[in-house]
Structures are given as structure tokens and as C-alpha cells.
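Peer 1: everything below, folded, please.
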Amino acid sequence: MHEPPQVSQAAPCLPTRRRLLAGGAAALAAAPLLAAAPASDSYAATRRAAPPIDDACGPLTPERVLKYLVAGNRRWVSGRLVHPHQTVARREAVAAEQHPLATVFSCIDSRVPPEIVFDQGVGDLFVVRTAAQTNDGLVQGAVEYGIEEALTPLLVVMGHQRCGAVSFVVETLNAGREAPAHLEDVVEALRPAYEAAKPIPGDQVDNTVRAQIRLTVRQLRHDAILEPLEAEGRARIVGAYYSLDTGAVDFRVE
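Peer 2: All right, here's what the predicted structure looks like:
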């Protein structure tokens, strides 16, 4: 039975290119993606669900990192955070170099901080944040850096409930108005998601949020750098939806 990740004075088991490649494509044949557990989960179950990434030096596969993030989100949902890697010792251990576990591409919304949502600490995540995960060449370069140069095996594209940027775009386009200054760039970046969601019955804002997640995942999967890495099993790109009401991250977006 596994214990949760411990914050220790020793340097963590860090991912290396050899270790990442060792997982290979076989790692992607793992169990399907899961939504985060509800808040009623017991603390003991939550602790058991957290794989000890720092303690084991096996292949750091995309599936293994995904399970680690799901376990961290369960702790956030249940209010049983362990706050790993938030000590002076950890700060000193990663000062010279970093080896994050995952890259998270998410919204700038102040209520959706990935390190807290996944109960991670210093040096654990590369985080790229824009309004509603709007993407351009500079942003995509940052995402590519996390996967190609920093060797993070997992890329999570995370949208969220009641996204303010999406609400603004939906209201603007529904009214046929022009947005001021560079907000017009945000409107144009989200227009494909708006158009994709428009025919879908239900909450237009929520449908647009989910469409934006799917479109961004699809775009990144065809990125010239990321596509071959995912095909090799060295990386995995997944979509996720964060609930402001419950704190749960649902990876069953696609």
C-alpha cells in the first residue's frame, strides 16, 4: 500500500530522458482517464491513491504522472492537502535545475491555480496560463519547451467552469459587438470554439469552454514537435475540465 509523496531533504527521483523513454508506447495502453474522486472519499483512500513519485525510480510514464495528478486533485477536493515540495530544502534542491512532472496549459483565472488544484509544489509543474487557453505562436513555443526541452511526459489542457473570458466572448459575439483593444484578439482566438459550440443545446458558455479544450488538444496533437513525441509514447496530451463548485478535475472531456 503506497504512502503519499513525502517532502524530504534528499533530492527526489528525477526524470531523465532514458527513464522517460523506458516507458515507451506500452504505457499508453493503461486504464482510461478518470474524473477526480468526490469530496466524500476518506483521507486514507486519498493517501493510498497517491503514487510515491519521489520514492520510486521506475519509468516516469505519462500514465503514471496522470495518476499522480488525479491523486493530488482528490486531496484538493477532500480538503486533505499534503502540500508537497513547499520547503526550504525543496527550494534549494531545485535551484540549480528543474525536472517538472507535467506541463499544464490553463486559464489565467485566479480561482484555478494548477499547483493547488493538483496539490503540487515547487519544481513540480510547468504552467502556461492565458485567457481560456487562447493559443498563439509564443504560447505554443512555451508548451513545446515543457515537453521537448524539460521532458515532461504529460501535457494537460485545462479549461474550467464559468470561465470569464469565454463568457465575455460569448456575450460579445452574440451581441455582434467589437471588443476594445487587444480583447478583440481574445475574441478571435475563441471564435472557432464559439462557432463549434453554437449549435449544441444547453449552456452556451459551458459548451464553448469544452469546445475550446477539445480544439486546443487537437491543435497541440498536430504540433510539429509534439505529434511525434506522442506517437512514440514519450508524451501524452489530455484535456481536462475544472469545476469551480467542487474543485474536481474531470479528464473525460473528449
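Peer 1: now the strands: where do they sit in this structure?
Peer 2: 102-107, 125-130, 154-160, 236-242, 249-250 (DSSP state E).
Peer 1: contacts for the last one, please.
Peer 2: Read that as strand 249-250. 35-36, 69-70, 73, 117-118, 158, 240-243 (Cβ atoms under 8 Å, 6 or more residues apart in numbering). Every residue, glycine included, has its C-beta placed from N, CA and C.
Peer 1: closest to residue 200 among the residues you listed?
Peer 2: The nearest member of the contacts of strand 249-250 to residue 200, counting by Cβ to Cβ, is residue 241 at 14.9 Å.
Peer 1: so, low pLDDT: which residues of the stretch 51-200 of the chain?
Peer 2: For the stretch 51-200 of the chain, residues meeting the criterion pLDDT under 70 lie at 51-58.
Peer 1: how about the helices of the stretch 151-254 of the chain, start to end?
Peer 2: Along the stretch 151-254 of the chain, counting by DSSP state H, counting those that start in this stretch, helices occupy 164-175, 183-197, 204-221, 226-232.
Peer 1: Throw the ones you listed into a markdown table and include mean neighbour count, thanks.
Peer 2: Output for those, formatted as a markdown table (neighbours: other Cβ atoms under 10 Å):
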| stretch | mean neighbour count |
| --- | --- |
| helix 164-175 | 18 |
| helix 183-197 | 18 |
| helix 204-221 | 21 |
| helix 226-232 | 16 |
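Peer 1: for those helices, which one sits closest to residue 138?
Peer 2: Nearest of those (Cβ to Cβ): helix 183-197, 12.3 Å.
Peer 1: ok, and what's touching the closest one?
Peer 2: 131-132, 134-136, 165-166, 168-170, 172-173, 178-179, 204, 207-212, 214-215.
Peer 1: where along the stretch 1-150 of the chain do the helices fall?
Peer 2: Under the criterion DSSP H, counting those that start in this stretch, the stretch 1-150 of the chain carries helices at the ranges 17-23, 43-48, 62-78, 88-93, 114-117, 137-144.
Peer 1: between the strands of the chain, which one is closest to residue 92.
Peer 2: strand 125-130 (18.8 Å).
Peer 1: residues making contact with that closest one?
Peer 2: 100-108, 114-115, 118, 139, 142-143, 145-146, 150, 152.
Peer 1: repeat that with 7 Å
Peer 2: With contacts defined as Cβ atoms under 7 Å, 6 or more residues apart in numbering, strand 125-130 is touched by 100-108, 114-115, 139, 142-143, 146, 150, 152.
Peer 1: how about TSV for the contacts of strand 249-250, with distance to residue 63 and neighbour count added?
Peer 2: Putting the contacts of strand 249-250 into TSV (distance: Cβ to Cβ, whole Å; neighbours: other Cβ atoms under 10 Å) gives the following:
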residue	distance to residue 63	neighbour count
35	16	17
36	16	27
69	11	26
70	11	22
73	16	23
117	20	25
118	16	26
158	18	26
240	15	29
241	20	20
242	21	24
243	23	15
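Peer 1: for those residues, which one is nearest residue 87?
Peer 2: Closest to residue 87, out of all of the contacts of strand 249-250 and judged by Cβ to Cβ, is residue 118, at 18.0 Å.
Peer 1: hmm, residue 73 and that closest one touching each other?
Peer 2: Yes: contact criterion Cβ atoms under 7 Å: residue 118 and residue 73 qualify, at 5.5 Å.
Peer 1: coming back round to it: looking at the helices of the stretch 1-150 of the chain, which is closest to residue 224?
Peer 2: Closest among the helices of the stretch 1-150 of the chain, once you apply Cβ to Cβ, is helix 137-144, at 8.7 Å.
Peer 1: so which elements touch the closest one?
Peer 2: Packing contacts for helix 137-144, counted by 3 or more Cβ pairs under 7 Å, 6 or more residues apart in numbering; DSSP states H and E, involve strand 125-130.
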